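Visitor: One predicted model, sequence on top.
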Amino acid sequence: SSVLFDDSELTYNGLEQTQSVTVSYNGTKQVEGVDYTLSDNKQTNAGTYTMTITGTGNIEGTKTVDFTIKQKEPTVDDFNIPEIAEYAYTGEPVELPLPTLKEPYTGGGEITLSYTTGSTQPTDMGEYTVWFKMTEGDNFLSSSGLEYGKLVIKPAGFAVNVNIEDWTYGDAASTPTYTD
């Protein structure tokens with residue numbers, strides 16, 4: 001008998017997938033449920049699995065066949081990416097939240113950010129492009145250069161209140177007082 005995979009390559013998608021097959025015996029295509037049954041051909045995560053084909057009716061015996069669900073190549077669309085707000089300059093590094101995998105995905109690696117300045121979090125005023133990468137995980141290949149967005153650090157705002165109550169136009173200049 002021969003077994004051919006109907007889906008030659010399965011790739012992780014977060015959902016249960018079925019590896020379907022075509023079974024032939026002496027050159028004749030066999031019918032699932034009549035001539036044979038399949039078991040263990042449904043899986044979700046990336047990996048190599050063994051399914052069992054069991055003959056029924058005119059076919060006897062069992063045959064095991066391995067099939068693989070490949071790891072997914074991550075794209076920006078696979079992630080929940082937080083919106084970047086504008087930040088006021090404080091002199092401290094800006095901490096951005098990390099992207100997370102969207103449902104139903106699992107099995108990603110560690111996620112890290114990089115910036116126009118490199119891997120150091122920006123502290124100075126300016127505009128920075130932010131990227132992220134993910135190391136290889138159980139269900140995903142590694143990735144780099146996925147765009148997160150633009151980070152803008154603006155000048156810090158400040159307010160000064162000036163009091164000139166006791167001054168009359170035409171009088172000699174006096175020193176105003178201020179409070180912050």
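Guide: Sure thing, it's come through.

Visitor: what's the pLDDT at Trp167?
Guide: Here, the pLDDT recorded for Trp167 equals 64.

Visitor: Same question for Leu98.
Guide: Reading off the confidence values, Leu98 has pLDDT 97.

Visitor: Give the helix, strand or coil label for it.
Guide: Classification of Leu98 by DSSP: H, G, I helix; E, B strand; the rest coil places it in coil.

Visitor: what's the burial count for it?
Guide: The local packing of Leu98 (other Cβ atoms under 10 Å) involves 16 other residues. All C-beta atoms are positioned from the backbone trio N, CA, C, and that covers glycine.

Visitor: Quick check: closest non-adjacent residue to it.
Guide: Spatial nearest neighbour of Leu98, excluding adjacent residues (Cβ to Cβ, 6 or more residues apart in numbering): Ile111 at 4.9 Å.

Visitor: how much space between that neighbour and Ser2?
Guide: If you measure Ile111 against Ser2 using Cβ to Cβ, to the nearest Å, the figure is 44 Å.

Visitor: Buried ones in the strand ranked longest in the chain, by neighbour count?
Guide: Scanning the chain for the strand with the most residues, using DSSP state E, yields strand 143-154. Under the neighbour-count criterion of 16 or more other Cβ atoms under 10 Å, strand 143-154 has Ser143, Leu146, Tyr148, Gly149, Leu151, Ile153 buried.

Visitor: so which of those comes closest to Val130?
Guide: Val130 lies nearest to Tyr148 out of the buried residues of strand 143-154, by Cβ to Cβ, at 4.0 Å.

Visitor: Report pLDDT for that closest one.
Guide: So, for Tyr148, pLDDT stands at 96.

Visitor: show me what contacts it?
Guide: When contacts are counted by Cβ atoms under 8 Å, 6 or more residues apart in numbering, Tyr148 touches Ile81, Ile84, Leu96, Pro99, Leu113, Val130, Trp131, Phe132.

Visitor: go on, Phe5?
Guide: Phe5 neighbours (Cβ under 8 Å, 6+ apart): Gln19, Ser20, Val21, Phe67.

Visitor: Provide a list of residues in contact with Thr54.
Guide: For Thr54, the contacting residues are Tyr36, Thr37, Ser39, Gly61, Thr62, by Cβ under 8 Å, 6+ apart.

Visitor: my guess is the last one meets Met51, correct?
Guide: No. Counting by Cβ atoms under 8 Å, Thr62 does not reach Met51; the two are 10.6 Å apart.

Visitor: Just want to know which of these two has more residues nearby.
Guide: Counted by other Cβ under 10 Å, Thr62 and Met51 do not tie: Met51 has more neighbours, with 20 against 11.

Visitor: May I see the contacts of Phe5 organised as a markdown table, with neighbour count added?
Guide: Shown next, in a markdown table, are the contacts of Phe5 (neighbours: other Cβ atoms under 10 Å):
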| residue | neighbour count |
| --- | --- |
| Gln19 | 21 |
| Ser20 | 13 |
| Val21 | 20 |
| Phe67 | 22 |
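
Visitor: Right, I'll leave it there.
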